[in-house]
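*Asks:* got a structure for you, letters missing:
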């Protein structure tokens, strides 16, 4: 968050203030998703708004090790994330925002 506060191109930002409804594949019920950040920034082509989610990279792809004792949990997490992100992408498309998933790779952690 220090980055958002100290980067001159950032016009405004908020944390977990956007609510996006989605249907969870775990129970087929409607839930609420709160993406991590909404950021408005000056870009090369004007002002851009980004809806951002910060996740470990391993949660951004399907689990591979079916023999792991955590496989089912990881699979459920992946599927729920996919449902959330599909709803977030649709919201971004409707509002003219950009969707961004940020992992430790982008953060250089």
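*Replies:* That came in fine, so what should we check first? In this text the structure is predicted, and so the values were computed from the model without any measurement. Numbering: from 1, shown residues only.
*Asks:* Give me the distance between the top helix by length along the chain and the centre of its chain.
*Replies:* Across the chain, the longest stretch assigned as helix under DSSP state H is helix 71-95. Mean-position distance between helix 71-95 and its chain equals 8 Å (C-alpha atoms, centre = their mean, to the nearest Å).
*Asks:* After that helix, which helix or strand is next?
*Replies:* Per DSSP states H and E, the first helix or strand lying C-terminal to helix 71-95 is strand 98-102.
*Asks:* pretty sure residue 74 contacts residue 63?
*Replies:* Yes: contact between residue 74 and residue 63 holds when scored by C-beta atoms under 8 Å: they sit 3.9 Å apart. Any C-beta I mention is one placed from the backbone N, CA and C, and that applies to glycine too.
*Asks:* helix, strand or coil for the residue positioned nearest the centre of the chain?
*Replies:* Closest residue to the average C-alpha location of the chain: residue 53 at 2.5 Å, with C-alpha atoms, centre = their mean. Following DSSP: H, G, I helix; E, B strand; the rest coil, we place residue 53 in the strand state.
*Asks:* thinking it is in contact with residue 87, fair?
*Replies:* No: using C-beta under 8 Å, residue 53 makes no contact with residue 87, being 11.5 Å away.
*Asks:* Please identify the residue most distant from the middle of this structure.
*Replies:* residue 67 (28.1 Å).
*Asks:* Next, that residue: secondary structure please.
*Replies:* coil.
*Asks:* show me what contacts residue 74?
*Replies:* The neighbours of residue 74, taking C-beta atoms under 8 Å, 6 or more residues apart in numbering as the test, are 58, 59, 63, 68.
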